[in-house]
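1. Pasting a predicted model and its sequence here:
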Amino acid sequence: MRSRSVVGGLVAALVLTAVAVAPGEATPIGPAAFTRVLASQPAPTLRPWSARPGTKVVVTGRLGTHLVRKVLLQRKAGQLWRRVARATTDSTGRYRFGYTAPGSSTRLRVKALAFDRRGRHYGQLVTASSKLLIRTVSVRLPSTATGGGPSPVAVVRATGVAKGVAATLQRRTATTWHDVAAKDLDATGVARISIPLGDLGTGRAALRVVVRGAGRTAARALDVLPPGRILQPGDDDVVDGPFDAVVEVADGLTPTRVQLYVDGFAMPDAQPVAGQPGRWSVTLDPASAGVDRRHVDVVARVTTTAGSALTEPVRIDLLPSLGGLPAGFRLDTVASGFDLPTSFAVIDQHRVLVAEKAGLVRLAVDGVIAPTPVLDLRDAVADIFDSGVLDVVLDPDFADNGWFYVAYVADDGGADVYRTQRVVRYTLDGDVAAATSAHVVLGGVPVSVCKADPTTAGCMLNRLGMHTVDDLLFAPDGSLFVSVGDGSAGEPTGALAAQDLDELAGKVLRIDPSTGLGLAGNPFYEAGAPGSNRSRVYAYGFRNPFRMALTSSGDLYVGDVGEVAWEEVDHVVSGSNYGWPCFESTSPGTAPDAPECAGIVNTEPLLAYPHVDFAGSVTLGVFNGSGAYPTAYDGKLFLGDYTSGRVWTLDTSAPRLEDFGTPPGLGAGVFYGIGPDGDVWFSDISSGSIRRFVYDPDQASCPSGQFLMETFANRTFQDEADGDPWVSSCVGRPPSGPDLLAPGDPNQGQGWSMRWSGTPQLAPGTYRLTAKSSGTLVVRVDGTVVPDGGAFTVAGTDVSESTADVLVTLANNPDFDDDPYFVNFDWGYRLSWERVGSAPDVQLHEVGQGGVVEPGSTVGWTVSASDAEDGALDGSHLRVTVTLLHYGTGSPHRHPSGAFAGSTGSTVLDDDHAPGKIAYRLVGVATDSSGWVAESDPVYVCLDGGKVGPCG
């Protein structure tokens, strides 16, 4: 028998010398079976003929034969053809294969196998081959780089793509990819992309390369290391007043500048430390820069000739300090633990409704937040930028009908920037709003209708999440004033709605609180159409009339927040035009040459003050007339500036701002009102609390956060005193024993008792109580008795302290009649509470520290947290807060822009509010099972073109 090689030689000879048999023609069985048919069949069709690896390619064609037969799809591998698929033709010779594109270009052909049928032999058929062009892209990049150092290079190689096609480097945040750099391919299919470290920010960046037509690479990690670290202060340091900051620059970097920021506020540049290479230092005074928060971050930007980058922040606590208040006044906390409280409405001496920006209305009773919200609108409210729940107000007949009104921006715009704004009435039933009581007073028209025609009656449209529906105020005659911003975030065309009487934007409205209709007596009232928009208008031409105030006689005043230069206090007169956007105060506005501005009469403000000393958000205000303060304050308007932290009084008959409270320590007041005690209360959105100014020149009461300690000559005393204490004083917290000595000089041999009552501010979490005594020691927290060894929980939404009502009584102390001296001692007394567990460790991922994105980009994140007790926390315990920092006056004021629940999320970061003057601050927040709230280090995200604050 011949060897395989000899047979192959004979076959080859036969192929070269034989006359080709007609395609598909039957041949007799015998030696001619060795005959090989030439590749005379047409090449298959490939769809597509150019593909990326792993994609599907469809191979089709037709053999010149009319019978069903088996066929093979073959791929050329070197000099050989390898089978990659099998199929069967139809009776007309048509075939079809599905093929997965390989990793490199190749050629494909189809082969029909020889077969015998009914004594006849059918020879094999082979098609010509078709080329499958495979388009590929790969990238080589380093695994690490140092922020502020030389830019590394990503080397891109692509096949199957023409010269000049762009290779784009992208960075991922959560599920969103952003372009960061691009370079065209050269003739060899190579592009070298310089990686812009400054745009990535520090931290781990997930990168990929996209080449049009060739696909994209898998994600690759690049760790951008910080350009240094802050050595001093350290994380969680407590700082009192000015402090020294020391920055150690990373090896290999030669800085040209090192600048520090406290909570986004620019501080003086650091200087090199003599004799300590790589170290820079500076003395920082947060108060001098307008920083007025307790929990703040410190971050440094290191600049070199190659670029700049931010260090990782450190978190510090500034000891509370208080700037100037008039003699005899102090600042107290009424209740705390709220999440961005925007306003409040006092029900009686014990109860107050508090609106939170994200959509909750809470009830505080004697300073303690009720666990169940009065109203939960979080699914209905757009909690972005300035939007959210802005105000809550009681009906004048609340005592009889239980009605209260809420103003908010509705989350009905989807991904669009257009949303409706509403005023809705609810009924309080016990401690919650009645489920079916919602009655839309204003703003019930669907957003699609209002977007198509903002002049539609009842449309209260907001375009960009800024300058929203603001304030609600009842007039003495029972009518309801509603102030509405221009809704345009400074965009001139949209702002001109403030000049259109047929739109509700940029107006003060006067409506019937039951129907939402305009009232007769309004300056543009249409008797036949009380529901028209102009029938509702009382005054117009406002940018952002954030808060209003009424005198006892019904005179209306508005604080109109300015754009770039002025804050206004306007005495609002029916029918008047206050000029925006044609004017800002008496200066030209953002659209002075618009046709709508021709010939208008601009009503000048009662008072305007410039954007200096961090001013930028005038906040009215309440007229004092309670008698709780000295007569010099009777009839004065109390107002503030949210961004500067200042509080003033104003005599409207001789308008001039008089300092009442100067920072630090006053927080960020966004709403003012009169409390049941006659004091001026305000909502401090920065600390999450309701606070008040107390006039107590004789220190007859204890400041908030302290305890009133009282000692009685009555050993059987329980909760209520029989007679006056022989000693009372204010203390920071009840003492802890042993050997408690009763102060003063009690009646010897009669025994004694003591009581401590107060509302201390405690960080959220669970506390374990130690309460021991040789007598009877009873501790009540928020009205509930907590035994020795028991626990109580203080609820809160962030790391700021919350209030708890604590009452401690000590009685039934033993007599030592044989030695009267010892009657004043409690030998076994011990009282303390300590927070249990450990703080969650919170990490915010996917967002580079100081990274740069295009305005309008969707930025995503992931957040994770764990602690020793709970392990990894799931998404129900996690959220991310986003804050817009507006640097309109050089230093920022904050716009809380939203809180996003869950372990992942995203939001759009734009600068419509003030192009080129915006940065963002993201913080991950975790709450563990004990209620302990912890935060991640903040991450600053910069917008392209916005070199402000830490992004400078």
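-> Structure received.

2. residue boundaries of the helices in the stretch 301-450 of the chain?
-> Secondary structure of the stretch 301-450 of the chain, counting by DSSP state H, counting those that start in this stretch: helices at 398-401, 447-452.

3. I'd like those laid out as JSON lines, including mean neighbour count.
-> For glycine as for every other residue, the C-beta is placed from the backbone atoms N, C-alpha and C. Shown next, in JSON lines, are those (neighbours: other C-beta atoms under 10 Å):
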{"stretch": "helix 398-401", "mean neighbour count": "12"}
{"stretch": "helix 447-452", "mean neighbour count": "16"}
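
4. Looking at those, spot the one closest to residue 542.
-> Among the helices of the stretch 301-450 of the chain, the nearest to residue 542 by C-beta to C-beta is helix 447-452 (19.2 Å).

5. which helices and strands does the closest one pack with?
-> strand 419-429, strand 461-462 (3 or more C-beta pairs under 8 Å, 6 or more residues apart in numbering; DSSP states H and E).

6. what would the ones you listed look like in CSV with distance to residue 475 and mean neighbour count?
-> Output for these, formatted as CSV (distance: least, C-beta to C-beta, whole Å; neighbours: other C-beta atoms under 10 Å):
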stretch, distance to residue 475, mean neighbour count
strand 419-429, 15, 22
strand 461-462, 25, 29
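
7. re earlier: mind telling me which of the helices of the stretch 301-450 of the chain the model trusts least?
-> Lowest mean pLDDT within the helices of the stretch 301-450 of the chain: helix 447-452, a mean of 93.

8. Among the helices of the stretch 301-450 of the chain, which comes closest to residue 193?
-> Using C-beta to C-beta, those put helix 447-452 closest to residue 193, at 41.1 Å.

9. Can I get that closest one as PDB, trimmed to CA atoms?
-> Below are the C-alpha coordinates for helix 447-452, written out as PDB (Å, rounded to 0.1, in the frame of the first residue of the first chain):
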ATOM      1  CA  VAL A 447     -45.000  69.900  33.100                       C
ATOM      2  CA  SER A 448     -45.400  69.000  29.400                       C
ATOM      3  CA  VAL A 449     -48.100  71.600  29.100                       C
ATOM      4  CA  CYS A 450     -46.100  74.300  30.900                       C
ATOM      5  CA  LYS A 451     -43.000  73.500  28.900                       C
ATOM      6  CA  ALA A 452     -44.900  74.000  25.600                       C
END
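
10. What average pLDDT does stretch 483-499 get?
-> Stretch 483-499 comes out at a mean pLDDT of 87.

11. For that stretch, buried residues please.
-> Burial within stretch 483-499, assessed by neighbour count using 16 or more other C-beta atoms under 10 Å, is assigned to 483-491, 494-499.

12. How about stretch 557-570?
-> 557, 558, 559, 560, 561, 562, 563, 566, 567, 568, 569, 570.

13. shouldn't the third one be in contact with residue 615?
-> No - in this structure, residue 559 is not within contact of residue 615 by C-beta atoms under 8 Å, at 11.9 Å.

14. overlap in contacts of the two?
-> residue 567 (C-beta atoms under 8 Å, 6 or more residues apart in numbering).

15. before we move on, back to that, looking at the helices and strands packed on helix 447-452, which is nearest to residue 737?
-> So among the helices and strands packed on helix 447-452, strand 419-429 is nearest, using C-beta to C-beta, at 44.9 Å.

16. what helices or strands is the closest one leaning on?
-> strand 403-409, strand 439-442, helix 447-452, strand 461-462, strand 469-474, strand 480-484.

17. Within the sheet, what are the partner strands of the first one, with directions?
-> For strand 403-409, the paired strands and their directions (DSSP bridges) read strand 389-394 (antiparallel), strand 419-429 (antiparallel).

18. I'd like these as a markdown table, with mean pLDDT and distance to residue 829 appended.
-> Listed next are the strands paired with strand 403-409 as a markdown table, based on pLDDT from 0 to 100; distance: least, C-beta to C-beta, whole Å:
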| stretch | mean pLDDT | distance to residue 829 |
| --- | --- | --- |
| strand 389-394 | 98 | 45 |
| strand 419-429 | 97 | 44 |
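
19. part of a helix, is residue 876?
-> Yes - Residue 876: assigned to a helix according to DSSP: H, G, I helix; E, B strand; the rest coil.

20. Quick one: neighbours of it, just the number.
-> Neighbours of residue 876 under the rule other C-beta atoms under 10 Å: 10.

21. before we move on, back to that, among the buried residues of stretch 557-570, which one sits closest to residue 918?
-> Closest to residue 918, out of all of these and judged by C-beta to C-beta, is residue 563, at 14.1 Å.

22. hang on, isn't residue 900 packed against residue 907?
-> Yes - if you go by C-beta under 8 Å, residue 900 and residue 907 touch, sitting 6.7 Å apart.

23. Against residue 436, how distant is residue 429?
-> 10 Å (C-beta to C-beta, to the nearest Å).

24. can you list residues touching both of residue 900 and residue 907?
-> residue 882.

25. who touches residue 478 in this structure?
-> 396, 513.

26. which SS class is it?
-> coil.

27. now residue 929
-> Relying on three-state DSSP, one would call residue 929 coil.

28. Tell me how many other residues crowd the closest residue to it other than its chain neighbours.
-> Among residues not flanking residue 929 along the chain, residue 870 sits closest, at 5.3 Å (C-beta to C-beta, 6 or more residues apart in numbering). Applying other C-beta under 10 Å, we find 18 residues neighbouring residue 870.

29. isn't residue 236 right up against residue 297?
-> No - contact between residue 236 and residue 297 fails when scored by C-beta under 8 Å: they sit 11.5 Å apart.

30. Among these two, which residue is more densely surrounded?
-> The residue with more neighbours, out of residue 236 and residue 297, is residue 297; 23 against 11, by other C-beta under 10 Å.

31. and the closest residue to residue 577 other than its chain neighbours, what is it in contact with?
-> Ranked by C-beta to C-beta, 6+ apart and with sequence neighbours excluded, the top spatial neighbour of residue 577 is residue 541, at 4.2 Å. Applying C-beta under 8 Å, 6+ apart, one finds that residue 541 lies in contact with 498-499, 506, 576-580, 582-583, 600, 602-603.

32. any chance of the helices and strands packed on helix 447-452 in TSV, with distance to residue 689 too?
-> Formatted as TSV, the helices and strands packed on helix 447-452 follow (distance: least, C-beta to C-beta, whole Å):
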stretch	distance to residue 689
strand 419-429	23
strand 461-462	28
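
33. nearest to residue 846, of these?
-> strand 419-429 (27.4 Å).

34. Measure how the closest one sits relative to strand 480-484, angle-wise.
-> 150 degrees (axes from the mean of the first three to the mean of the last three C-alpha atoms, to 10 degrees).

35. Using PDB, list the CA coordinates for strand 419-429.
-> Output in PDB follows, covering the C-alpha atoms of strand 419-429 (Å, rounded to 0.1, in the frame of the first residue of the first chain):
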ATOM      1  CA  ARG A 419     -40.100  71.000  36.300                       C
ATOM      2  CA  THR A 420     -43.200  72.300  37.800                       C
ATOM      3  CA  GLN A 421     -43.500  74.000  41.200                       C
ATOM      4  CA  ARG A 422     -46.300  73.600  43.600                       C
ATOM      5  CA  VAL A 423     -48.100  75.000  46.600                       C
ATOM      6  CA  VAL A 424     -50.000  72.200  48.300                       C
ATOM      7  CA  ARG A 425     -52.300  72.200  51.400                       C
ATOM      8  CA  TYR A 426     -52.400  69.300  53.900                       C
ATOM      9  CA  THR A 427     -54.300  68.600  57.100                       C
ATOM     10  CA  LEU A 428     -52.400  67.700  60.300                       C
ATOM     11  CA  ASP A 429     -54.100  64.700  61.900                       C
END
